[in-house]
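J.: Can you look at this prediction? I've put the sequence above it.
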Amino acid sequence: MCSLRFPLWFSQPSNRPHRSQGSSSPSSYSAAAAVGVGIGLSLSITHNFINQRNPLLLSALNSIFSNFRPHCSIPMMGSISLANDSSAATEPRTGMSFPSILNNTQRLLGIGLRKKSILVKNIDVYAFGVYADETDIKNLLSEKYGKLSVSALKENKEFLEDVLEKDIGMTIQLQIVYGRLSIGSVRSAFAESVGGRLQKFGGSDNKELLNRFTSLLKDEYKIPKGTVIDISRDKDHLLRITIDGKDAGSIQSKLLCRSLFDLYVGEDPFDKQAKENIEQNLASLVIQ
């Protein structure tokens, strides 16, 4: 099955079975792709010439090539699929790798990239993966949405609202890309982005809640490139942060959880392509 929702390279487990002689190698796939491109270019260049000299020949060629279809098993750039058995998915722009399953129960739904403009330059700040507990999704959403199609769910705004509002176990995993990032910069960025969402969903009187959240990101934490920060919504809307596996603290707040996850799957997400893939896979989980 071919899917072109957004580009990812999937890393494969190291204990792959030995290829049989009849299987195709990556080089043969590349050669096939190159031949296909060459055919397309040749047809494009000669189209007008044949049309002018011999319209009957053009008609015959059109008939032949109208039956040609690219073989969908060519491993080009794909998107995260719930049927994919890879142990990890790699964000192609940064090379950061995300496990397909987190905390034994949460499934990877999509990965993306957080960029930030500094003066006239765009900085890749961190790659992120969004996870959700498969059992929670089915238990809390299938009764309401299970009979709808995936395409219908993607058009249903109430569906994502329920994902953000209900007590569904979810995690956003951040993997730091920008090597000169400080925890103070992360704290300031979240103060701005989360603060805006808190005001949007809960009104203006949430400064204390915002301060409690940003105070979890203490100056003692060093976050060089490759640092992993997990922001999780646990049972009863308990927001928990871990940095490289160390517990940084937690806050119980439905409003704070909603505001944070809205940055990645809400109406105005950090990475729109990532959100589309997350939404697609959420819908697929509900109707399974």
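T.: On my side now, so go ahead.
J.: Tell me which stretches of the stretch 151-288 of the chain form strands.
T.: Secondary structure of the stretch 151-288 of the chain (DSSP state E, counting those that start in this stretch): strands at 170-176, 228-234, 238-243, 246-252.
J.: For those strands, give me CSV that also has mean pLDDT, distance to Gln106 and mean neighbour count.
T.: Where C-beta positions appear, they are placed from N, C-alpha and C, glycine not excepted. Formatted as CSV, the strands of the stretch 151-288 of the chain follow (pLDDT from 0 to 100; distance: least, Cβ to Cβ, whole Å; neighbours: other Cβ atoms under 10 Å):
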stretch, mean pLDDT, distance to Gln106, mean neighbour count
strand 170-176, 98, 6, 21
strand 228-234, 98, 9, 20
strand 238-243, 98, 13, 19
strand 246-252, 98, 17, 13
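J.: which one of those lies closest to Phe190?
T.: Nearest to Phe190, of all the strands of the stretch 151-288 of the chain, is strand 228-234, at 9.4 Å by Cβ to Cβ.
J.: What strands line up against the closest one, and which way round?
T.: If you go by DSSP bridges, strand 228-234 pairs up with strand 170-176 (antiparallel), strand 238-243 (antiparallel).
J.: Same list, the strands of the stretch 151-288 of the chain, but as JSON lines with distance to Phe98 please.
T.: Putting those into JSON lines (distance: least, Cβ to Cβ, whole Å) gives the following:
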{"stretch": "strand 170-176", "distance to Phe98": "6"}
{"stretch": "strand 228-234", "distance to Phe98": "10"}
{"stretch": "strand 238-243", "distance to Phe98": "15"}
{"stretch": "strand 246-252", "distance to Phe98": "19"}
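J.: For Ser182, which of those strands is the nearest?
T.: strand 170-176 (10.5 Å).
J.: one step back: which of the strands paired with strand 228-234 sits closest to Lys154?
T.: Among the strands paired with strand 228-234, strand 170-176 comes nearest to Lys154, with 18.4 Å by Cβ to Cβ.
J.: Run the chain-centre distance for that closest one.
T.: 11 Å (Cα atoms, centre = their mean, to the nearest Å).
J.: Put the alpha carbons of that strand into CSV.
T.: Extracted as CSV, the C-alpha positions of strand 170-176 are listed here (Å, rounded to 0.1, in the frame of the first residue of the first chain):
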residue,chain,number,x,y,z
MET,A,170,-1.0,10.7,25.6
THR,A,171,2.6,11.7,25.3
ILE,A,172,4.5,14.3,23.2
GLN,A,173,8.2,13.3,23.0
LEU,A,174,10.6,16.1,22.1
GLN,A,175,14.1,15.4,20.9
ILE,A,176,16.3,18.4,20.9
